[in-house]
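>>> one predicted model, sequence on top.
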Amino acid sequence: MKAAGYQWDVERKRWFRGDASRRVRAEMRSGGRSARFVGGAERETLTDASAPVMAAVRRFGEVVREAREVALGGKDEAMDLQIKDVLSSPLAPLGWLVAQCALLAVAQALLAPQWPSLDAASAQAAALGLVAAPVLCVLRRAQTDAQPGVEHVDGTLERLLVDAALDNHALPAPWSWRAESVKWRAGAAAAELLAGATVAAYVHAGLQAGVASSASSQLGAAAPWLAVAVAALVPLAGAAGTSRPPLDGISAELDAAKLAARTAEAYFLQTAADELDARERAAAAAESAAALRALAAGWQERFGHASEAALRQPLYAGAAGLLSAAIWQLADGAMAAPLVAHACVVADAYVWGCDGSRATVELELPPSPSASQSHDVS
């Protein structure tokens, strides 16, 4: 973040870029989702928004964050800080790497996976992986697009580790920053590749091979394909666990945003500055209410369909798992097939598919109610 020109605001606990005297930005964040008012040809976040607009941004942020925390069962700040401290430790990446190596060593000793080598069998297996890769890339993108603002289950821990390793105080780091950082994308891709190899060894050479061997005496030639179906249940179950309610609190955020929008004007009238007269209070409240309603509408438009994808997400993941297991079976157990396919998926996710706006609502300021009224009178 520092290399990109950002500075850490200790008071507000957020990153800012530019003149410190103008660091109050018209933006808010809840979990991995954010909203901001933008302006100008480059659509930069506004730093000169009026006091009523900033009041709306603060109010909207407070409402959706509180709703998210309640939906997730409350927030233990001490535990949250401990987890972040562990992830931010300089030893955390090393610990993760040692764990991955240990798991791979155990897999090698117990399961003896057929790792890629320079032979014809590995080349044929790699070709199968390349054939399957486009479909797997489409399925990964479908999962990401179906629930914007929710971390994809694959690589979640690895992304957080790279966030922390690159000195991010807020975990997870915003996708807008992630997409701009070549170091982050390279680190996250490398970490997910290694973690994917570990998972593939246990799922294919372990679970899938074990099911096929156990069922072969009863099912004969059908046993390997039963094993393919069983292996597909692993990613399906993972996606089912992360895509169901409370879904990182999105549904609760949307409900809270709708309620805040309905009661916005009354709330801002009650909380307007005492030094304003009645007319000024009404004008400020109307401007704040208009800004908050714009935020609520943008939040609904961007994240409102996430809950509807709760059923599709496991199906996408299960289909991807089924295809990965099938190519492993067709390659006679050669790990080159799923590993090459996974490498293509990771490259697509972090090189071509790393969209910095995937979890951000960008809005232009709504027309000032007082200006609209003046225009109508004229």
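Yep, it's here. Numbers count the residues shown, from 1 in each chain.
>>> buried ones in the helix or strand hosting residue 217?
Using DSSP states H and E, residue 217 maps to helix 209-219. For helix 209-219, the neighbour count (16 or more other Cβ atoms under 10 Å) marks 209, 211, 212, 215 as buried. (C-beta placed from N, C-alpha, C; glycine too.)
>>> got the CA coordinates for that helix in CSV?
Extracted in CSV, the C-alpha atoms of helix 209-219 (Å, rounded to 0.1, in the frame of the first residue of the first chain):
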residue,chain,number,x,y,z
ALA,A,209,-8.3,-43.7,-5.4
GLY,A,210,-9.4,-45.2,-2.1
VAL,A,211,-13.1,-45.2,-3.1
ALA,A,212,-12.3,-46.8,-6.4
SER,A,213,-10.1,-49.5,-4.8
SER,A,214,-12.7,-50.3,-2.1
ALA,A,215,-15.7,-50.5,-4.5
SER,A,216,-13.9,-52.3,-7.3
SER,A,217,-14.7,-55.8,-6.0
GLN,A,218,-18.5,-55.0,-6.1
LEU,A,219,-18.9,-52.6,-8.9
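>>> following element in sequence after that helix, please.
Once the chain leaves helix 209-219, the next helix or strand it forms, by DSSP H and E, is helix 223-243.
>>> re the thing from before, any idea of the angle the helix holding residue 217 forms with helix 223-243?
Inter-element angle recorded for helix 209-219 and helix 223-243: 130 degrees (by axes from the mean of the first three to the mean of the last three Cα atoms, to 10 degrees).
>>> residues contacting helix 209-219, please?
Applying Cβ atoms under 8 Å, 6 or more residues apart in numbering, the external contacts of helix 209-219 come out as 111, 222, 223, 224, 226, 227, 230, 231, 329, 333.
>>> pLDDT of that helix, averaged?
Summarised as a single mean, pLDDT over helix 209-219 is 92.
>>> ok, the closest residue in space to residue 240 that isn't next to it in sequence to residue 236 distance?
Closest residue in space to residue 240, ignoring its immediate chain neighbours: residue 314 at 4.2 Å, by Cβ to Cβ, 6 or more residues apart in numbering. According to Cβ to Cβ, to the nearest Å, residue 314 and residue 236 sit 5 Å apart.
>>> these two: which has the busier surroundings?
residue 314 (23 against 20; other Cβ atoms under 10 Å).
>>> list the residues that contact the more buried one.
Counting by Cβ under 8 Å, 6+ apart, residue 314 touches 236, 237, 239, 240, 243.
>>> any of those buried? List them.
The buried subset of these - by 16+ other Cβ under 10 Å - is 236, 239, 240, 243.
>>> quick one, which of those residues has the minimum pLDDT?
Ranking those by pLDDT puts residue 243 at the bottom, with 78.
>>> that residue reaches residue 151, doesn't it?
No - the pair residue 243 and residue 151 does not pass the contact test of Cβ atoms under 8 Å, sitting 11.1 Å apart.
>>> what is the helix or strand that residue 62 is a member of packed up against?
Assigned by DSSP H and E, residue 62 belongs to helix 51-71. Here helix 51-71 touches strand 27-30, strand 33-39, helix 250-262, helix 264-271, helix 278-303, going by 3 or more Cβ pairs under 8 Å, 6 or more residues apart in numbering; DSSP states H and E.
>>> from the chain's centre, how far out does it sit?
20 Å (Cα atoms, centre = their mean, to the nearest Å).
>>> what comes up buried for it?
52-57, 59-61, 63-69, 71.
>>> which stretches in the stretch 1-150 of the chain count as strands?
6-9, 14-17, 27-30, 33-39, 44-45 (DSSP state E, counting those that start in this stretch).
>>> of the ones you listed, which shows the lowest average pLDDT?
Among these, strand 14-17 has the lowest mean pLDDT, at a mean of 56.
>>> got the CA coordinates for stretch 330-348 in PDB?
Coordinates of each C-alpha in stretch 330-348 appear next as PDB, following Å, rounded to 0.1, in the frame of the first residue of the first chain:
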ATOM      1  CA  LEU A 330      -8.900 -40.600 -17.700                       C
ATOM      2  CA  ALA A 331      -5.200 -39.800 -17.200                       C
ATOM      3  CA  ASP A 332      -4.800 -43.100 -15.200                       C
ATOM      4  CA  GLY A 333      -4.100 -41.200 -12.000                       C
ATOM      5  CA  ALA A 334      -1.500 -38.800 -13.400                       C
ATOM      6  CA  MET A 335      -1.500 -35.600 -11.300                       C
ATOM      7  CA  ALA A 336      -0.500 -33.500 -14.300                       C
ATOM      8  CA  ALA A 337      -4.100 -33.500 -15.500                       C
ATOM      9  CA  PRO A 338      -5.700 -31.700 -12.500                       C
ATOM     10  CA  LEU A 339      -2.600 -29.700 -11.700                       C
ATOM     11  CA  VAL A 340      -2.300 -28.200 -15.200                       C
ATOM     12  CA  ALA A 341      -6.100 -27.400 -15.300                       C
ATOM     13  CA  HIS A 342      -5.800 -25.800 -11.800                       C
ATOM     14  CA  ALA A 343      -2.800 -23.700 -12.900                       C
ATOM     15  CA  CYS A 344      -4.900 -22.400 -15.800                       C
ATOM     16  CA  VAL A 345      -7.800 -21.500 -13.500                       C
ATOM     17  CA  VAL A 346      -5.500 -19.700 -11.100                       C
ATOM     18  CA  ALA A 347      -3.800 -17.800 -13.900                       C
ATOM     19  CA  ASP A 348      -7.200 -16.700 -15.200                       C
END
